[in-house]
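>>> pasting a predicted model and its sequence here:
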Amino acid sequence: MLADTDAGSVITAAQSGAQWGYKLLLLQVILVPILYIVQELTVRLGIVTGEGHGELIAKRFGRGWAWLSVGTLALSCLGALLTELSGMAGVGLLFGIPRWITMLALVGGLITMVWTASYAGVERVALAVGAFEFAFLAVALKTHQSLGPLLAHSLQIPFHDPGYLYLAAANVGAVIMPWMVFYQQSAVVDKRLRLVHLRMARIDTAIGAVVTQLIMASVLVVTAATIGHSDPHTPLNTVQQIATALTPFLGERTGRLLFALGMSGAAAVATIVVSLTAARGVGEVMGFKHSLEHHPREAPWFYGIFTTLLVLGGALVASNVNLISLGVAMEVMNAVLLPVVLGFLYLLARHALPGPLQLKGAYAVFVLFVIIVTGGFGLYAAINGIAVA
């Protein structure tokens, strides 16, 4: 769940606060239960069936539909990977480190770690690095925002403005991500969780949903209180500009350091998750071994796809691409892909689970409503906002 607050999410939240103040803050709160509903279904499917998302789609609906689902996964993972690496490149530039050096160190380090560690080892490293994201929450508390005015501003929603809708779509795509569905289902299978673990896995997911949105809201509040207050409606163009939002509360040196830690944590943990998810998703549909519990000699295609993605992503980010525009655009793409991903998730929860754990009754109707509204709003906002992006 920490990977859900990735570099793209941080960039999107920062852009939201800089351009619209607190007007997208309410959306962060609304997305908490929606995120939990979606990810709880993936946990349930993984624990009960013992199969990954792509495997389950192929088994229930055929390989053609599985390839369609994995196609959306591939697009989402590629976009996310570019965003994560861009976030790390931006942190490097903050300290005068050229992009190519940052990419060489990051890509080389991650490849070495994944090729030599087990699933548990990789997860522990990811959790430790991801913990740096709490730096954003600490800075948000330092802003000492009054709850009354903050709530009042968050309710002033300009639904008529295409620019607002574009960022609203980006926020939906930054929270409900296609690759998160594939990853969490595969993760509970890799950890060999059983039905006895379902309750704790649900609690774990619920805590994660709250934490990830607290971090998103924190970034938005910090940038709204600084850039959004002094220079409203001005879009951010560099990752370094986000770092300047922290300096009024912490000083330049401390603010830059905490931003670097927070962004690095967000980007690094998501880079690990995204690249592994893409390799797993293809493996599930093609039928080759796709787990970190297998040695590279046993699963050459899995480790090969993981490595190729990282190397290609690092090479592209090392070029002169606009990191902020790329990050927001990738989250909008996630929103456009949501109807396909959430549709398959709902159908699997309805038909691939045994009686007591099957999605049914009033809750099934409620979940369908949430999925239609979430996917429909993301699509509507993206289509109406892209024209002015």
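Okay, I see it.
>>> going by C-alpha atoms from here, please, whenever you check contacts or count neighbours.
Noted.
>>> gap between the longest helix anywhere in the chain and the chain center?
Longest helix of the chain, by residue count under DSSP state H: helix 252-286. Centroid separation for helix 252-286 versus its chain: 9 Å, with C-alpha atoms, centre = their mean, to the nearest Å.
>>> state the mean pLDDT of that helix.
What helix 252-286 shows for mean pLDDT is 81.
>>> kindly report the same for stretch 363-379.
Computed over stretch 363-379, the mean pLDDT rounds to 89.
>>> buried sites along it?
Within stretch 363-379, the residues scored as buried using 16 or more other C-alpha atoms under 10 Å are 367-368, 370-372, 374-379.
>>> do stretch 71-90 as well
Judged by neighbour count using 16+ other C-alpha under 10 Å, the buried positions of stretch 71-90 are 72-90.
>>> then stretch 349-356?
Of the residues in stretch 349-356, those buried under the neighbour-count criterion (16+ other C-alpha under 10 Å) are 349-350, 352.
>>> reformat the residues you listed as TSV; add distance to residue 242 and pLDDT.
TSV is the format used below for these (distance: C-alpha to C-alpha, whole Å; pLDDT from 0 to 100):
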residue	distance to residue 242	pLDDT
349	40	93
350	43	93
352	44	90
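>>> can you map out the helices along the stretch 201-350 of the chain?
With DSSP state H, counting those that start in this stretch, the ranges of helices along the stretch 201-350 of the chain come out as 227-230, 239-244, 247-250, 252-286, 300-317, 323-351.
>>> I figured residue 103 hits residue 318, correct?
Yes - applying C-alpha atoms under 8 Å, one finds residue 103 in contact with residue 318, separated by 6.8 Å.
>>> please identify which of the two sits among more neighbours.
A direct count of neighbours by other C-alpha atoms under 10 Å for residue 103 and residue 318 places residue 103 higher, at 24 against 19.
>>> ok, the more buried one - contacts?
By C-alpha atoms under 8 Å, 6 or more residues apart in numbering, the residues touching residue 103 are 85, 88-89, 314-315, 317-318.
>>> could you find the closest non-adjacent residue to residue 216?
Using C-alpha to C-alpha, 6 or more residues apart in numbering and skipping residues adjacent in sequence, the residue nearest residue 216 is residue 13, 5.9 Å away.
>>> what about that neighbour, neighbour count?
Residue 13: 31 surrounding residues under other C-alpha under 10 Å.
>>> next secondary structure element downstream of the helix or strand containing it?
Taking DSSP states H and E as the criterion, residue 13 maps to helix 7-20. Using DSSP H and E, the helix or strand that follows helix 7-20 in sequence is helix 25-49.
>>> tell me which residues of that next one are tucked away?
Of all the residues in helix 25-49, those buried under the rule 16+ other C-alpha under 10 Å are 25-28, 31-32, 34-49.
>>> distance of residue 224 from residue 103?
As judged by C-alpha to C-alpha, to the nearest Å, residue 224 and residue 103 stand 30 Å apart.
>>> tell me the pLDDT at the nearest residue to residue 119 once chain neighbours are set aside?
Using C-alpha to C-alpha, 6+ apart and skipping residues adjacent in sequence, the residue nearest residue 119 is residue 292, 5.2 Å away. pLDDT, residue 292: 74.
>>> please apply the same query to residue 59.
At residue 59, the model reports a pLDDT of 87.
>>> now it: which helix or strand?
In this assignment (DSSP H and E), residue 59 forms part of helix 53-61.
>>> related to what we said a few turns ago, check which helices and strands the helix holding residue 13 is in contact with.
Judged by 3 or more C-alpha pairs under 8 Å, 6 or more residues apart in numbering; DSSP states H and E, the packing partners of helix 7-20 are helix 63-94, helix 162-175, helix 198-225, helix 227-230, helix 239-244, helix 252-286, helix 323-351.
>>> one more time with 6 Å, if that's ok
Where contact means 3 or more C-alpha pairs under 6 Å, 6 or more residues apart in numbering; DSSP states H and E, helix 7-20 is packed against helix 63-94, helix 198-225, helix 227-230.
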